[in-house]
Each structure stands twice: as C-alpha cells, then as structure tokens.
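Engineer: Show me the folded form of this:
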Amino acid sequence: MPGVDSYDELFAATAPTGPDWLRRMREEGVEAFRDQGFPTLRNESWRFTRVRPIQEKDFNAVAEYHSNGFTIEKLHELTFDDSGCDRIVIIDGHYAPDLSSVGSLPDGARVMNLAQAIEETPEDVEAYLGRYADIAANPFVALNSAFIKDGVFIGLADGVALERPIHVAFVATSTGTVVHPRMLVVAGRNSEASIIESWSATGDAYFSNPVSEIHCGANAGIHHCKLQHESRTAMHVSTQASWIERDARFSTENVSIGGQLVRNDINSHLGGEGIDCRVDGLYLARGRQHVDNHTFIRHASPKCHSFELYKGILGGSARGVFNGKIYVDPHAQKTDAKQSNNCILLSDDARLNTNPQLEIFADDVKCTHGATIGQLDENAVYYLRSRGIAEEKARHMLIHAFASEVIERVKVGRVREQLEVELFWWLSRAMTH
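Structural biologist: Below is the predicted model:
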C-alpha cells in the first residue's frame, strides 16, 4: 500500500532547488512527515476522520504547467465573476500566467506567485514562511513543507490598502494528482485587503494539501474567504495559520461544499491587545461525503474579542466533524470569546460529531460556547405550509435562512450572490438524493 515510503521516494527523486533556507525547510518537512506518518484514529484530533483513502492511493504530481483547455469563462462558471478583482490562478499546483491578471497596485503592494517572490526577494519570504504552520503538530503541514514549490505571495507594506479584492484561484484539471500549494500573506501595520480563495475542479480523484500562513500586522484589516467546491471524488486537507497583532481586525469564512474527504484546520493566534477576530464556516455534505472542521483560537493577549459561528447541513449518509477550541492564556484578561456550532441533519443516516472546547486560565473573561444538532423544525414547516407554501419550498426556505447567517458575513457582493446560487443548487440535490 502506498504511504510514507512513496512520498519519501518522491522527495528523494526531486532535485533540490531554491535558496539554502528553502532546501532546509523541505528537508525538515520530509523528516517530520517520516517521523509522524499519516494520522490514525488513535490520534485524538483525527479520531473521527480516516485518511486511508489518501494513504492507499499513489497520487502523482504534475511536472509542469498546462492549462488543459481551462479558461477564464470556465473559472467564472465554477466560482464567481471576478472581473472586479485582481487574480492569481494556480492550476494543478503550477502558476498560470495566462489566466492570472493583476492590475496596477499601490506602492508597497505585491501580489504574485510564491516562486517568483522567492526568486526576487527571498528575504521577505524567508522571514515568514514556515513561521506559523507547525510541521511538528500536523503531518500534512510537514508533507506540504517537504514539497513547497509554488503558490501565492501577498505582501502589503505599512499603510497600504487594496481597493480591489484578490481572487486566489486553485484549480485541479487532472485526475489522480497531488498538489501542495502554499499561500503566504504578510500584511503590515495599518494595511487592508480582502482575499477570496477558491478551490474548483474539472479533474477527479485527486489530493489537495494546501497550507496558508497569514501575518496580520498591528491595526491591519484583513478579510479572508475560502470557497471549496471541488470534485465529489477529491481529497482536500488544508491548514490555515494566522498570527494577529495589536488592534487588528481579522475575519475568515470557510465554505466547504465539494470533496469526498475534507479536513480544514484553522488556527488563529491573537498576539496583541484589542484584536477583533471572527472565524465563521458553512459546510454542506451529502451522499457519503465526509467533512471535518478543526478550529483553534488562542487568546494570548488581554482585551481581545473572538467570535466563531459554524453551521452545517448534512444529508444522505454524510459525516461531519466539528472540533473548536478557544484557549485563554493566564494573562489574557478581559477576553470576550463566543463560539457556536449548529447543524441540521436532513436524513436519519447523516451524523455529526461535535466537540466545542474552552480552556480558560484567566479569571476576568466572558467566554461561551454551544452546539446544536437536529432536524428541521416540523412546526415551522407546518406554519409555512399553512400559509400556502409547498412543503419542499418551505423546507428550502428554512434551510436557506439557517445558512444565510454565515453567507451574509461575506463582504464581496458577487461572492455572496454565487454562494446563494450554490446553496439552492446543493439543496435541490440533497433533498432528493
């Protein structure tokens, strides 16, 4: 069975490239992955998620860039109309210059593929790459680090504000492949930006293993939204690690719709006073899909606020996992943290394992968490039907209202509109299959 050894052999066959520090990072990554191996159900944070479908298949990397006939029109069809955005496209792990479009940027702003940034200003990348995503804590981060080759770099100097959102589009066009893209965002003091990260596909049965690191400087405002709507046969394991400094405003939304096996690890470190951090998510799964969301928010400084809302809708025999932890350091007084996970089960066979957690070591805090799992309120369905609304439409309306609380928090209008369309598309299938 393919496993750790196959990746070890692949690494050995890959010629080392780039500066010395990058080669060392790759070597440390493969060594950490070799030591840890693939997680099993004995690993506490993986006890509801089997990764054997990834471990059993021998995925291949795409050697060089080919568009495979993929077009901007197809990208808009699969994601959203991004004509008002700057765009970086990564296809099968490789930068697509013919599909990317970055207009005039203010002085001090850089939006480019990661390989270019490493070549042009390696010192800017070296200072942050691998700083927040821990290879010792997650074998998939180690695996990504071992095969770092390209991805996306967004750098904002102090005081730089981007008027246009940045659309970072990851696309899979090949079948049976593996990609390990890296996204690095370094936002200086008083900077502002909106970043939409999308995952779409025309290929099947592939493995995506991305890692994103976000540094949010003091008093910066960064809004991040991830839209994952990949092939129903895809494996997607992602890690996002953000470091947030004093008085910054950081928000991230994570929407998961596609994929056979999906795991999202989202870690936020509140490293200065006065931070506002929002972590929201919406996950939809039907058939035999499996989606696992693990979030960790560490309040490492006083007077910070974090708000987390995750909502799930599961149909068929789908399985969901939510594990959310809020950790409050002893000196993080005046912390205000709220966490909520709510899930609707559309069938008797759907299941959710939820585990909200609070670890509080300070005494002057306001922290709450909660979780609800259930089916639609039949009294509410009856009420709508008594007003002349057909049963199917009534159920759609209630589910739409449930999900809209997360969708409405997406700041880019065209993304919100597309999510509304995709929700109705998904419901039309989930309610009948």
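Engineer: where does this structure dip in pLDDT?
Structural biologist: 1-5, 13, 15-16, 431-433 (pLDDT under 70).
Engineer: mind listing the helices for it?
Structural biologist: 4-13, 20-36, 52-55, 72-78, 114-120, 122-126, 139-146, 378-386, 391-407, 413-430 (DSSP state H).
Engineer: which residues are contacting the longest one?
Structural biologist: Right, the one you point to is helix 413-430. Contact with helix 413-430 is made by 79-82, 84, 196, 225, 227, 229, 255, 257, 284, 286, 313, 315-316, 346, 396, 399-400, 403, 407-408, 410, as judged by Cβ atoms under 8 Å, 6 or more residues apart in numbering. No exception for glycine: its C-beta is placed from N, CA and C like everyone else's.
Engineer: Narrow these to just the buried residues.
Structural biologist: 79-80, 82, 196, 225, 227, 229, 255, 257, 284, 286, 313, 315-316, 346, 396, 399, 403, 407, 410 (16 or more other Cβ atoms under 10 Å).
Engineer: Could you chop the protein up by domain?
Structural biologist: 1-270, 290-375, 380-412+423-433 (automatic domain parsing).
Engineer: and these as JSON lines, adding distance to Val279?
Structural biologist: As requested, the domains of the chain are arranged in JSON lines below (distance: least, Cβ to Cβ, whole Å):
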{"stretch": "domain 1-270", "distance to Val279": "6"}
{"stretch": "domain 290-375", "distance to Val279": "5"}
{"stretch": "domain 380-412+423-433", "distance to Val279": "11"}
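Engineer: rewinding a little: of all the helices of the chain, which lies closest to Gly159?
Structural biologist: helix 122-126 (16.9 Å; Cβ to Cβ).
Engineer: ok, what's across the strand from His223?
Structural biologist: Ser194, Ser251 (DSSP bridges).
Engineer: Surely it and Ala193 touch.
Structural biologist: Yes: judged on Cβ atoms under 8 Å, His223 makes contact with Ala193 at a distance of 7.5 Å.
Engineer: out of these two, which sits in the more crowded spot?
Structural biologist: Ala193 (24 against 20; other Cβ atoms under 10 Å).
Engineer: Report how many residues lie close to Met183.
Structural biologist: Neighbours of Met183 (other Cβ under 10 Å): 23.
Engineer: ugh, wrong one, I meant Lys57
Structural biologist: Lys57 - counted by other Cβ under 10 Å - has 17 other residues nearby.
Engineer: Distance of it relative to Val291?
Structural biologist: 19 Å (Cβ to Cβ, to the nearest Å).
Engineer: Likewise for Ala201?
Structural biologist: Remark: distance between Ala201 and Val291 (Cβ to Cβ) = 16 Å.
Engineer: before we move on, what about Asn254?
Structural biologist: Relative to Val291, and taking Cβ to Cβ, Asn254 is found at 10 Å.
Engineer: Looking at those two, which is more packed in?
Structural biologist: Neighbour count, other Cβ under 10 Å: between Asn254 and Val291, Val291 has more, with 28 against 23.
Engineer: Apart from its chain neighbours, what residue comes closest to that one?
Structural biologist: The spatially closest residue to Val291, leaving aside those adjacent along the chain, is Val262, at 4.3 Å (Cβ to Cβ, 6 or more residues apart in numbering).
Engineer: can you pull the contacts of the one you found?
Structural biologist: By Cβ under 8 Å, 6+ apart, the neighbours of Val262 are Gln228, His236, Val237, Ser256, Tyr283, Ala285, Gln289, His290, Val291, Asp292.
Engineer: Tally up the residues packed near the fifth one, please.
Structural biologist: It refers to Tyr283. The burial count for Tyr283: 27, using other Cβ under 10 Å.
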